[in-house]
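S.K.: one predicted model, sequence on top.
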Amino acid sequence: MLTITLIRHGESTHNVLALWSGCTECPLTERGTQQARAVGAYFANTHFTKIYASPLPRARDTAQAVLDAQPTPKPPHDFTVAQIREQSFGAAEGHQTCIRKPGKTLEAHFAEEKYPILYESERHVAFPGGESVEDLTKRGERAVREVVLPHMLNVARLGSDEHIALVSHGLCIAQMVGAIVRLGGGTWKRKGPMVNTGWVRVEVRIQGGIPVEVADDEVPLVEVTVTDEGRADHLEGLLDEGPLRGMKAIMGGGVVDAKSPNEAEAIPQTSAV
C-alpha cells in the first residue's frame, strides 16, 4: 500500500497580513515555526520513506522541521518540487484582498491594482500573469503523475509498502488530493479549509494482486481512500485563532461564498476537485 500524507505549511508573514502570497517567497512567522515544529514532533514516530516539499520557504522550512524530527537514518527528501508550489496569483501577489465593487468589472479592478477574492464559479479566471483554478487543477494532476505515480508503480512492482509526505500549500493540496482520488475512479469533496500545518492522508491500494507488470506511465488498478482530512490535533494548546475567515481560509483551500463575497466567508471549493 502507498500512503500519502499532505501537510500544509506553517503560518507565513503573508498569512498574517491577509496578502495574496501565491509563489511569493514569504517566510514563516514565529508562530508558523512553532506550528512546523509541532507537526514534526507529531510525526516523529511515523516512518516516511520520502519527504517532498514545495521550494517556497514557508513550505520548505516546514518540511525541514518534519525531517529534523524523523529518526535516524533520515528519509531521503526533495525540497525543490516546483510542481507542488502554491497557485500563482501573478500581479496580485503582495497585495491585500479588497471588496469587489458592485457593477465594476474585474478588469477595472485590476487596472487599479485591486484584486478581490474570486467567486467559486470563476475558476477559469486568473489574475494578470497568474494561474486560474483550472490551471492549478492541471498542475495538480501533473504533480501526481510526476511525483506520486512513481511510488505507486514501485509498490505495484515490488509489493513493499511506502509512506511519502508532501509539504505544500492549501490550494495545491486540494488539487492533488482530488487528482489522486480520480486515479481510483472516485470523486472527493473537501469538508473545509485547512489550518496552517493541517494535514490530509490518502491510502492507495493496488488491486489485482502484486507484483503487477506496468509501464512507467501506466496507472495500475487502484483503490483510493481519504482516511484523514483537516487534521490538526498536533496544534492543541498552540492554535487559538477561532474560525478561519477571509484570506486565511482561502489559502487553506476554501473559496468565497458567492452570496457574501464582501464578508469573505470560506466554503469548500467542491468544483475544483
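M.R.: Structure received. Values in this document were obtained by computation on a predicted structure and should not be read as measured data.
S.K.: next SSE downstream of the helix or strand hosting R58?
M.R.: Here R58, judged by DSSP states H and E, is contained in helix 57-69. Downstream of helix 57-69, the first helix or strand assigned by DSSP H and E is strand 77-78.
S.K.: gap between that following strand and the chain center?
M.R.: Chain-centre distance of strand 77-78: 17 Å, with C-alpha atoms, centre = their mean, to the nearest Å.
S.K.: show me where pLDDT drops low in the stretch 101-250 of the chain?
M.R.: Scanning the stretch 101-250 of the chain for pLDDT under 70 picks out the ranges 239-250.
S.K.: how about E107, phi and psi?
M.R.: In terms of degrees, to the nearest 10, the main-chain angles of E107 are phi -60, psi -40.
S.K.: now do the contacts for the residue nearest the centre of the chain.
M.R.: The centroid of the chain falls nearest to I173 when counting by C-alpha atoms, centre = their mean (2.2 Å). Applying C-beta atoms under 8 Å, 6 or more residues apart in numbering, we find I173 in contact with L6, R8, L166, M194, V200, G253. In this view, the C-beta of every residue, glycine as well, is placed from N, C-alpha and C.
S.K.: try it again at 6 Å.
M.R.: Counting by C-beta atoms under 6 Å, 6 or more residues apart in numbering, I173 makes contact with L6.
S.K.: angles on the backbone of it, please.
M.R.: Note on I173: backbone dihedrals following degrees, to the nearest 10 are phi -60, psi -40.
S.K.: thinking again about what came up before, could I get the buried residue list for the helix holding R58?
M.R.: P57, R58, A59, R60, D61, T62, A63, Q64, A65, V66, L67, A69 (16 or more other C-beta atoms under 10 Å).
S.K.: ok, residues contacting it?
M.R.: With C-beta under 6 Å, 6+ apart as the test, helix 57-69 has contacts from 9-10, 12, 25, 27-28, 36-37, 40-41, 43-44, 51, 53, 77, 79, 167-168.
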